[in-house]
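Asks: Pasting a predicted model and its sequence here:
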Amino acid sequence: MGNKPDRDAGLKEGEHLDDLQNGYWIIQAEKGFRYGIDAVLLSGYANVKKGDRVLDLGTGTGIIPILLAAKTEGRTFTGLEIQKKSADMAQRSVIRNHLEDRVKIVQGDIREAVTIFGAASFDVIVSNPPYMISRHGLVNPDESTAIARHEILCTFRELAQQASGLLCAGGRFCLVHRPFRLAEIMDVLREVRLEPKRMQLVYPFADKEPNLVLLEAYKNGRPRLHVDKPLIVYEKPGVYSRDICRIYGDGRQA
């Protein structure tokens, strides 16, 4: 960690090495789906404790396990990704950052996650799932982007079912999603014995409607929901709020 790598060494055609500004780097495609602020916010929201075993369902190029490895004292971080190209980039990012002893990337289907890893095998599950179902807007012609944005390969219900099966008793499921699906999300979580316990709405500006929601649910938890104060992304156009700078933790100025 901390050593600037040769930016081109080991990169494949159409790939780019991005500096995460925290001593780590990530390989991404120059075109197609790239991680956004929602993944960063989730990594800051997830309640990962010392010694926790953490799984990211639909890890993409591995941004969330890498950020969590940098921010927390979790014991192990695993990323599950169905797309071969994305999983390959994630694995090479892990190697570049010398995180092989803490971060593991597995290529596989979220719908088979319990079979792959075994029931009750994680303390924390995180996920930045596709926000849209098939009838929500146009599907991007780029396959990787379409899969990341629309529920093409896995529905939210299937994701939640697998998360519930993978969590030990009292384990936490943390996710980021869109507020317009919040009622559905709450219903599904409770159906699979994941009790919503903490929620935070994310606003692009203080005078705008929220466009993201962060949620934490407990396996077999008791009903009681705590709503955190709103998270405002920008103080003004192009200027992050102090809370966002704190989450990034890389010297950005509010």
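Replies: Thanks, I have the structure now.

Asks: Excluding chain neighbours, what is closest to R222?
Replies: Computed as CB to CB, 6 or more residues apart in numbering, the closest residue to R222 that is not its neighbour in sequence is E195, at 6.7 Å. (Glycine included, C-beta is placed from N, CA and C.)

Asks: what about V40, how many neighbours?
Replies: 21 (other CB atoms under 10 Å).

Asks: show me the contacts for it.
Replies: The contact partners of V40, by CB atoms under 8 Å, 6 or more residues apart in numbering, come to I63, L67, I247, Y248.

Asks: and which of those residues is nearest D109?
Replies: Closest approach between the contacts of V40 and D109, by CB to CB: I63, at 20.1 Å.

Asks: Apart from its chain neighbours, what residue comes closest to the closest one?
Replies: Once flanking residues are discounted, I63 sits nearest to Y35: 4.2 Å by CB to CB, 6+ apart.

Asks: didn't the one you found look like it was pressed against G60?
Replies: Yes - using CB atoms under 8 Å, Y35 is in contact with G60, at 6.5 Å.

Asks: Was I right to think the residue nearest to R222 contacts E216?
Replies: No - between E195 and E216 there is no contact under CB under 8 Å: 9.9 Å.

Asks: who has more neighbours, the two?
Replies: E216 (24 against 18).

Asks: Just say helix, strand or coil for that one.
Replies: Using DSSP: H, G, I helix; E, B strand; the rest coil, the three-state assignment for E216 comes out as strand.

Asks: Spell out which residues sit in contact with the closest residue to it other than its chain neighbours, please.
Replies: Spatially, and ignoring its direct neighbours in sequence, E216 is nearest to R198 (4.1 Å; CB to CB, 6+ apart). Residues near R198 by CB under 8 Å, 6+ apart: N47, L215, E216, L225, H226, V227, D228.

Asks: distance of the first one from G58?
Replies: Taken as CB to CB, to the nearest Å, the spacing of N47 relative to G58 amounts to 19 Å.

Asks: Tell me which of the two has more neighbours.
Replies: More crowded of N47 and G58, by other CB under 10 Å: G58, with 23 against 15.

Asks: Could you double-check that that one sits in contact with S127?
Replies: Yes - applying CB under 8 Å as the test, G58 and S127 come out as touching, 5.8 Å apart.

Asks: which residues do those two both contact?
Replies: When CB under 8 Å, 6+ apart defines a contact, the residues bordering G58 and S127 alike are L159.
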